[in-house]
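>>> Here is a sequence with its predicted model. Questions after.
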Amino acid sequence: MHILLLGSGGREHALAWKIAASPLVTKFWCAPGNAGIAKEAECVGLDVADHAAVIDFCKTNAVELVVVGPETPLAAGIVDDLTAAGIKAFGPSRVAAQLESSKGFTKALCTEFGIPTGAYKRFTNAADARAYVQSQGAPIVVKADGLAAGKGVVVAKTVREAEDAIAMMFEGAFGEAGAEVVIEEFLPGREISFFALCDGETAIPLASAQDHKRVFDHDVGPNTGGMGAYSPTPLVTPAIHDAIMAKIVLPTVAGMKQRGTPFRGILYAGIMLTTQGPKLFEFNVRFGDPECQVLMLRMMSDIVPALLASCDGQLKHFDLRWHPDSALTVVMAAKGYPGDYQKGTRIEGLDDAAKVETVEIFHAGTLAKDGAILANGGRVLNVCALGATVTEAQARAYQAVDRIRWPEGFCRRDIGWQAVEAEKAKG
């Protein structure tokens, strides 16, 4: 098959690594890609936002499957445009992608189909939003309705913090994304990521994973796109897994089909494990980043037939197999992230780091220039490892991190801490 992957981050490098391993692939491109992806696929300088150019490339190169990595092109309807041009594409339609591109859309769906989630209200002006916060008190969660690159959510510990977040959003901090604001109940509990592969009517669960959103050790500092992840998570017991599928994932897939907007692709549920059971706090419509990296390391099955089965509505006959080992990834970011950071700094020692047993290094924001690898983003590298336990995977990942010479970079040193503590307690 001829396959084109769209995207340039760590998620896409992990997908490229997994797709490239498939015996079904004869020609493989990635647009625009990065320095790491260039080892797995031929990188092409296509503008992913230019749908006509992507379609033209597919027709010229007889591309048989397009895999869309990031959420922005999905929300812009690239799958609709490719499908209309007769090109098979993995991912949801523009309407179905509203599960991520509109917080209000998802909340309304939850209400309509009885999916457990926090109480909420939608607002189009700051005065009403402020009045609501004052009546509810804190802690409370303030969200920009649209896509804000993972930064449009404020968990306000005080009413004042909530009011500041409302002001910031309505004053245009997130542009169009903040034109409407969703304010919702704060859900206390443990947060996990749950992924399912969907084909419009069937959903099959992927392995569970745990993301680490805060920038610094001990879960302090601002929220980021994710500073590390591991899989599986001990927080998802078989009973919790079954509850998430029965109460959240399957009703969502059935509801979207009933509305005439079937969901195909990856449904990523952000779940809070509360005392009343699992509750949904957000949907994403693509693989998580950095959760995708640990899922790809653990997936035994060839990913390409799974992607095709999702596109073709054939998942009911499908099964995915997983390595029993644990996988863990540490995100190395540029100092200053998620705020201002410097680009173009030099990274050395990657080959040495990759020699650590079971380690894979996925590039998230890099550039190859004059034989050197340069940092070209906020989150720059994903240092991943497998182990018989999370503790072992963690030790290998940090051993590799310590071989990388990049003074302008930093990482959290406690990725996987919950699972490591659980493993210690078991002895």
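Great, that's in hand.
>>> can you list the domains in the protein?
Following the TED database, one finds the domains of the chain at 2-94, 125-179, 190-317, 326-425.
>>> rank the ones you listed by mean pLDDT and give me the bottom one.
Among the domains of the chain, domain 125-179 carries the lowest mean pLDDT, a mean of 85.
>>> follow-up on the earlier one: could you dump the domains of the chain into CSV and include distance to Thr117 and mean neighbour count?
Backbone N, C-alpha and C define where each C-beta goes, glycine included. Output for the domains of the chain, formatted as CSV (distance: least, CB to CB, whole Å; neighbours: other CB atoms under 10 Å):
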stretch, distance to Thr117, mean neighbour count
domain 2-94, 20, 20
domain 125-179, 11, 17
domain 190-317, 5, 20
domain 326-425, 23, 19
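>>> Tell me the helix or strand right after the helix or strand containing Leu267.
Element membership of Leu267, judged by DSSP states H and E, is strand 264-274. Going down the chain from strand 264-274, the next helix or strand is strand 277-284, by DSSP H and E.
>>> so what secondary structure elements neighbour that following strand?
helix 98-101, helix 103-113, helix 238-244, strand 264-274 (3 or more CB pairs under 8 Å, 6 or more residues apart in numbering; DSSP states H and E).
>>> hmm, back to that, report all helices and strands that the strand holding Leu267 contacts.
In terms of contacts (3+ CB pairs under 8 Å, 6+ apart), strand 264-274 is packed against strand 190-199, helix 238-244, strand 277-284, helix 303-312.
>>> Can I take it that Ile415 is in a strand?
No. Ile415: not assigned to a strand; according to DSSP: H, G, I helix; E, B strand; the rest coil it is coil.
>>> wait, it sits on Ala395?
No. With contacts defined as CB atoms under 8 Å, Ile415 does not count as touching Ala395, sitting 11.4 Å away.
>>> Leaving aside the residues adjacent along the chain, what's closest to Ser102?
Sequence neighbours aside, Asp145 is the residue nearest to Ser102 in space, at 5.6 Å (criterion: CB to CB, 6 or more residues apart in numbering).
>>> ugh, wrong one, I meant Leu24
Residue nearest to Leu24 in three dimensions, not counting chain neighbours: Val304, with 4.8 Å by CB to CB, 6+ apart.
>>> So the one you found is in contact with Ile19, correct?
Yes. Using CB under 8 Å, Val304 makes contact with Ile19 at a distance of 6.2 Å.
>>> Give the residues shared as contacts by these two.
Each of 3, 25 lies in contact with both Val304 and Ile19 under the rule CB atoms under 8 Å, 6 or more residues apart in numbering.
>>> So the residue nearest the centre of the chain: helix, strand or coil?
The centroid of the chain falls nearest to Gly288 when counting by CA atoms, centre = their mean (1.6 Å). Assigned by three-state DSSP, the conformation of Gly288 is coil.
>>> Compute the distance between it and His212, please.
Going from Gly288 to His212 by CB to CB, to the nearest Å gives 12 Å.
>>> just Glu163 next, same as before
According to CB to CB, Glu163 and His212 sit 28 Å apart.
>>> just to revisit the earlier point, looking at the helices and strands packed on strand 264-274, which is nearest to Gly152?
Closest approach to Gly152 among the helices and strands packed on strand 264-274 is made by strand 277-284 (10.4 Å; CB to CB).
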